[in-house]
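Colleague: From the sequence below, what's the structure:
(4 chains)
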There are 4 protein chains.
Amino acid sequence: MYFASDNTGITHPKIMQRVVDANTGYAMPYGNDEIMGKVRADLRTLFEPPDAAIYLVATGTAANSLALACYTEPWQTIFCAQYSHIEEDECNAPEFYTGAKLTLIPTPDKMAPEDLAAAIARRPKGVVHMAQSGAVSITQVTEHGSVHTLEEIRALTAVAQAADLPVHLDGARFANAQVALGCTPAEMTWKSGVDVVSFGGTKNGCMGVEAVIFFDPSKAQEFEYRRKRGAHLFSKHRYLSAQMEGYLADDLWLEMARMANDACARLTKGLRNHGAEFLHEPQANMIFARFPRAVHQKLQAAGAKYYVTGGDVATGPAVEMLACRLVCDWAMSDDLVDQFLSHF
Amino acid sequence: MYFASDNTGITHPKIMQRVVDANTGYAMPYGNDEIMGKVRADLRTLFEPPDAAIYLVATGTAANSLALACYTEPWQTIFCAQYSHIEEDECNAPEFYTGAKLTLIPTPDKMAPEDLAAAIARRPKGVVHMAQSGAVSITQVTEHGSVHTLEEIRALTAVAQAADLPVHLDGARFANAQVALGCTPAEMTWKSGVDVVSFGGTKNGCMGVEAVIFFDPSKAQEFEYRRKRGAHLFSKHRYLSAQMEGYLADDLWLEMARMANDACARLTKGLRNHGAEFLHEPQANMIFARFPRAVHQKLQAAGAKYYVTGGDVATGPAVEMLACRLVCDWAMSDDLVDQFLSHF
Amino acid sequence: MYFASDNTGITHPKIMQRVVDANTGYAMPYGNDEIMGKVRADLRTLFEPPDAAIYLVATGTAANSLALACYTEPWQTIFCAQYSHIEEDECNAPEFYTGAKLTLIPTPDKMAPEDLAAAIARRPKGVVHMAQSGAVSITQVTEHGSVHTLEEIRALTAVAQAADLPVHLDGARFANAQVALGCTPAEMTWKSGVDVVSFGGTKNGCMGVEAVIFFDPSKAQEFEYRRKRGAHLFSKHRYLSAQMEGYLADDLWLEMARMANDACARLTKGLRNHGAEFLHEPQANMIFARFPRAVHQKLQAAGAKYYVTGGDVATGPAVEMLACRLVCDWAMSDDLVDQFLSHF
Amino acid sequence: MYFASDNTGITHPKIMQRVVDANTGYAMPYGNDEIMGKVRADLRTLFEPPDAAIYLVATGTAANSLALACYTEPWQTIFCAQYSHIEEDECNAPEFYTGAKLTLIPTPDKMAPEDLAAAIARRPKGVVHMAQSGAVSITQVTEHGSVHTLEEIRALTAVAQAADLPVHLDGARFANAQVALGCTPAEMTWKSGVDVVSFGGTKNGCMGVEAVIFFDPSKAQEFEYRRKRGAHLFSKHRYLSAQMEGYLADDLWLEMARMANDACARLTKGLRNHGAEFLHEPQANMIFARFPRAVHQKLQAAGAKYYVTGGDVATGPAVEMLACRLVCDWAMSDDLVDQFLSHF
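Modeller: All right, here's what the predicted structure looks like:
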């Protein structure tokens, strides 16, 4: 019963098979392999703009930091939600790559457009004392398991556009959001005002691969220099390409995200029936919920793995509600969900 | 006939199999997987110091840059040979990660200890105007295919130690040097005064993995922060671990290096017999040689792939000697070498 | 009637005279001038620790950024009040010099120790994902004109010490706070747990000079490299030294701060009598207050210079209360204050 | 007899007087003072382009580093002569501000255009492995006391332009070069292909002020952000402005440079008569020469101050020729020169 994260499970066997299949013959290094040509074509088809610039890196932090670096000057600030991954979980990598600072929009989950607008308005253009307004970064799915609707994305990008600021979408769980919304990739990104997206694969069944997609190809050359300078250019690039190619083939990426979201929905329903309280309404593959210590104790005794953030499981009143995070990946079965719920 | 580089060939099937084998069950992320425990133990056994701090990253540039960053202050300079990889092929990544500059020791290949000593002596300690002397970085195998003898390494590290400077070894082709010297890993590193080594796997049959080995574990925690900040910490780390585990198992790493070096020796002998001139004496798996344009033309017509650096193959006198680089990887067969030589 | 800032007025004539007096004969450059020897001795006497390391730079932003850089690693975060100068008015200079990020403690003015403690507690030591806790920076006088009591400083430094974090004091208006508290420099700094202080001169009657004082001299050498690397080491350093020497002589620095604070108190009293509302209780030389638009209009017509932050002076109801900032420097006379008040 | 440097002498009394004169009334901060308006007009008249962007900073290292940062990307390299000030005497400040590396053109003094061209040619455009070619920086007067002729400057800028690279002129001793060449400022800069110049004042009779002049004003806004982020924006800017205004008034800057160059010429002639050997032909206000140890001993006994670089003055054969550097500033009198020469 592994509900700790979507980075502890296995790579989907079909993706692993692509990597194995790629291991034949000589291949041009550094992104000039044939499979990468197919990946570029596939992603352009998927996202629609025929001249999007497309790159692969191996970690989500690299994707975010390098994408932002192409859209930020070192005297600027990047606006993001208070609990964004780029703030909470990347150990200053965005600051390292951009030279800029982050300005956190206070919110329990998603940024409100009016709060973003207010934060931008505080920084007068051209006055050198305060860091200047730079890119806006939106996380989809949020770190708290919510999904921005297209309207919500558009409301945020409209604020950015009004201030002439570029927009980055951190799509580490892009597929889960896509499935939740039932929209197209284009609708969730450039058609809603997004300039560059980190299109995640690692958390959804790949070994370690993320695409960075620039809808405006003018940033392409800069990205290539920054990627190499950041030591993120792979010589044997074919193994990144093969993962992404397998990820996209036959909509495997959506199939896996659907499996994860469905498992999460089943778990949510069960928890709700058992009286759990939800800190955020689960909309993708993550649950933030509270239930009694006694249940946590039973679950842990049964070997369930997940993060308890609300206090000490071992000691305290049995009925006290303790908060936790539960993450479902594509490999989570109905049986495991039901087994988990059986301890309530 | 692929002689262009050691990064265009396949991953050794045994290593690929380890990656496939690792794809089962849940594994702790971020370097806490069980296989990594074995890798640490294996490398400690191999290198001998029982408390060496050992980390994996996916690119050689990351290994070099992060290793150097732990031993360099931003007001210092790193000493290296003029044609080092860190100077020529890493697009300012070492400068990005360290904040320091590189001081190039003029030399066609290996640094001379007296030139290193002179360069250090030019920078008075504690005088703030000039960048202060920082780490010394030695490349083994050099970018020109030579191998430092143990005596040569020791002569350089003695100069560093006399000035109280740490020493980094860029071992992107560590295995090839090891085989060429017939020494132990310990002899080539800490027993010869090296503080930290980039122990390469990628150029010698892995998909993409390099170990950074600190013989003094006091830098361990700093490396971990720097690696994460550089976006080089893999969540699904088991796939890095599995590569390295397979690389070390049954001395596969040495077997592959021996195959590459042997192919290179066969090719060297053949070229010599055919009157080729050598810019550097080949000692590992790379050849820098000159032979007539007419031969280059025949080779290229036959589909041979390698870098010609000495001029235009298509146009000019048939007898003119044009320089080129030829690299052999582990998969280079005697047949392919002989086929190459048949065009002379 | 210049109430806009404490950086628009003249240098105190006695300080200017010291600069003129210093302009004779040859003097060693880069901080080795004789006057600097006297400055070091004077500041050590003033602050008491006999081996404090003392440096001069020309801007407050340089003092803060360089001081913090000596106490921060690039994978850390610096804790400060939401409206600190280092956050609001230094255009990413602290981030540039430290490589770190700032974590803002939400507060209208001073940090609350419990909020600082909570912010530190959110960042588990040794977990690489989140930026690690680094230095704490306290602004004294705050950007909103308040003065931390010694008890308040100690409560904050106690939180820092409990987490083993160093403490920086941004004393751009150190003298004004000193006068307000009636304590010694030692009491306001190292005796209250401060490790390094930016001791301001520029805002209090100097041309442009700030001292950075390390109570633990072990950071001295690092500061010297960082200052030179930041291009803040003056060759003709004697003119910085002369300013600081004149600033300290005969307690001129305290005399000027007293004049500024007294003028501010007179203005505060007058404003209060006229029904102004105070956003923060003025405790040094700055006032944040609201009074009717009609009064603002009369003042501006009379040529008074100050920042109105609460809205448009020209248009709107005459009785509407508009917020503004009023700063008194040492040269502010009773007459000018009374003249200002006469427009109510 | 102070021949150690041009940064140990006094500020010219006329410049000091301007600073004193500026110390009256309120003045807008941060470069918006009235005197700065006059400085901008004066420098535009002097350099001719009516829309040049003009800024002041207090150190030469700041001027160079900030100017270069506006013309360099962090994945590039800056080309400069081997013994440039930016390489030898700025403790990585150019690297800190630009993120780039320096590529040193080997030369005892001035860069040869063909060597510059060769260094540029080594770096193929668009290939990400090697740092890309960036700005070219020329030092005028060189660190070895030579002056580039206009033809020499144009030969270097032609190479830069052919590769589409911008050109920076480090004019810490601009005035000395100007006097030596007898040309106009425009001829020595933009009319000869220079894009941005560090126009020095500090080494030629100012307290501490350097102008950065962009002939293309499109870099103006970026410079302002970078200057503030580097902590080099002065709040009480009028005192920088006043120095530069006095420096330019009545061609004082040229008068002082002429005095320094004339003293140097007198000293050169005397040394030559006494059989001194010159390492470089003195063309401005610096001499690099060798003369016997016995003379050094007499000079030092008489209190002469200068740097001996060729060995130990105290011990060794009396006739051995020891190299030294002798610098004349504007205040160097014929008497002092003759007094120095009297010890031969």
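Colleague: Show me what from the stretch 1-150 of chain A comes close to chain C.
Modeller: A:74-77, A:88-92, A:95-96, A:99-102, A:104, A:106, A:128-132 (CB under 8 Å from any CB of the partner chain). C-betas here are computed from N, CA, C, even on glycine.
Colleague: which of these count as buried?
Modeller: Neighbour counting with 16 or more other CB atoms under 10 Å in any protein chain shown marks A:74-77, A:88-92, A:95-96, A:99-102, A:104, A:128, A:130-132 as buried within these.
Colleague: measure A:E187 to A:R173 for me?
Modeller: A:E187 sits at a distance of 17 Å from A:R173 (criterion: CB to CB, to the nearest Å).
Colleague: Compare these two (neighbour count), which wins?
Modeller: Looking at A:E187 and A:R173 with other CB atoms under 10 Å in any protein chain shown, you find the greater number of neighbours at A:R173, namely 30 against 16.
Colleague: correct me, but that one touches A:K203?
Modeller: Yes. Assessed by CB atoms under 8 Å, A:R173 is found in contact with A:K203 at 5.8 Å.
Colleague: Which neighbours do the two have in common?
Modeller: A:D6 (CB atoms under 8 Å, 6 or more residues apart in numbering or on different chains).
Colleague: what about A:S218, how many neighbours?
Modeller: Here the count is done by other CB under 10 Å, and A:S218 has 10 residues near it.
Colleague: Would you point out which residue is most central in chain A?
Modeller: Most central in chain A under CA atoms, centre = their mean is A:A172, positioned 1.8 Å from the mean C-alpha point.
Colleague: and that residue, backbone torsions?
Modeller: Listed backbone geometry of A:A172 is phi -60, psi -30, with angles given as degrees, to the nearest 10.
Colleague: I figured it was touching A:S198, is that so?
Modeller: Yes. Taking CB under 8 Å as the definition, A:A172 is a contact partner of A:S198 at 6.6 Å.
Colleague: can I assume A:H129 is in contact with C:I86?
Modeller: No. With contact defined as CB under 8 Å, A:H129 and C:I86 do not form a contacting pair (11.5 Å).
Colleague: tell me the mean pLDDT for stretch A:279-296?
Modeller: This predicted structure assigns stretch A:279-296 an average pLDDT of 97.
Colleague: again with stretch A:62-77
Modeller: 98.
Colleague: end to end, how far does it reach?
Modeller: With CA to CA, to the nearest Å as the measure, the first residue of stretch A:62-77 is 18 Å from its last.
Colleague: same deal with stretch A:299-317?
Modeller: Across its full length, stretch A:299-317 reaches 16 Å end to end, with CA to CA as the criterion.
Colleague: Excluding residues flanking it in the chain, which one is nearest the residue of the stretch 201-344 of chain A found nearest chain C?
Modeller: For the stretch 201-344 of chain A and chain C, the shortest gap (CB to the nearest CB) falls at A:T309, measuring 11.2 Å. On the basis of CB to CB, 6 or more residues apart in numbering or on different chains, the spatially nearest residue to A:T309 that is not a chain neighbour turns out to be A:A323, at 5.1 Å.
Colleague: wait, isn't that neighbour in contact with A:V308?
Modeller: Yes. Assessed by CB under 8 Å, A:A323 is found in contact with A:V308 at 7.3 Å.
Colleague: list residues touching both of these two?
Modeller: Common neighbours of A:A323 and A:V308, using CB under 8 Å, 6+ apart, do not exist here.
Colleague: Output the longest helix belonging to chain A.
Modeller: Secondary structure of chain A per DSSP state H: the longest helix is helix A:252-273.
Colleague: can you give me how far that one is from the chain middle?
Modeller: The gap between the average C-alpha position of helix A:252-273 and the chain average comes to 17 Å, counting by CA atoms, centre = their mean, to the nearest Å.
Colleague: again, but for stretch A:54-69
Modeller: Relative to where its chain is centred, stretch A:54-69 has its mean C-alpha point 12 Å off (CA atoms, centre = their mean).
Colleague: does chain D sit close to it?
Modeller: No. Counting by CB under 8 Å from any CB, chain D has no neighbours in stretch A:54-69; the shortest distance is 9.4 Å.
Colleague: Tell me the buried residues in whichever strand or helix holds A:L68?
Modeller: Using DSSP states H and E, A:L68 sits within helix A:60-69. Burial within helix A:60-69, assessed by neighbour count using 16+ other CB under 10 Å, is assigned to A:60-69.
Colleague: can you list the residues that contact it?
Modeller: Among residues not part of helix A:60-69, those counted as contacts by CB under 8 Å, 6+ apart are A:57, A:78, A:85-86, A:89-90, A:93-94, A:96-98, A:100, A:135, A:137, A:168, A:170, A:172, A:196-200, A:202-203, A:210-212, A:214, A:223, A:226-227, A:230, A:232, B:228, B:231-233, B:235.
Colleague: Indicate each strand paired with the helix or strand following it and its parallel or antiparallel sense.
Modeller: Next helix or strand after helix A:60-69 toward the C-terminus (DSSP H and E): strand A:76-81. The sheet places strand A:76-81 alongside strand A:101-105 (parallel), strand A:132-139 (parallel), with pairing taken from DSSP bridges.
Colleague: got JSON lines for these, with distance to A:G246 and mean pLDDT too?
Modeller: Putting those into JSON lines (distance: least, CB to CB, whole Å; pLDDT from 0 to 100) gives the following:
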{"stretch": "strand A:101-105", "distance to A:G246": "34", "mean pLDDT": "98"}
{"stretch": "strand A:132-139", "distance to A:G246": "26", "mean pLDDT": "98"}
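Colleague: Many thanks, have a good one.
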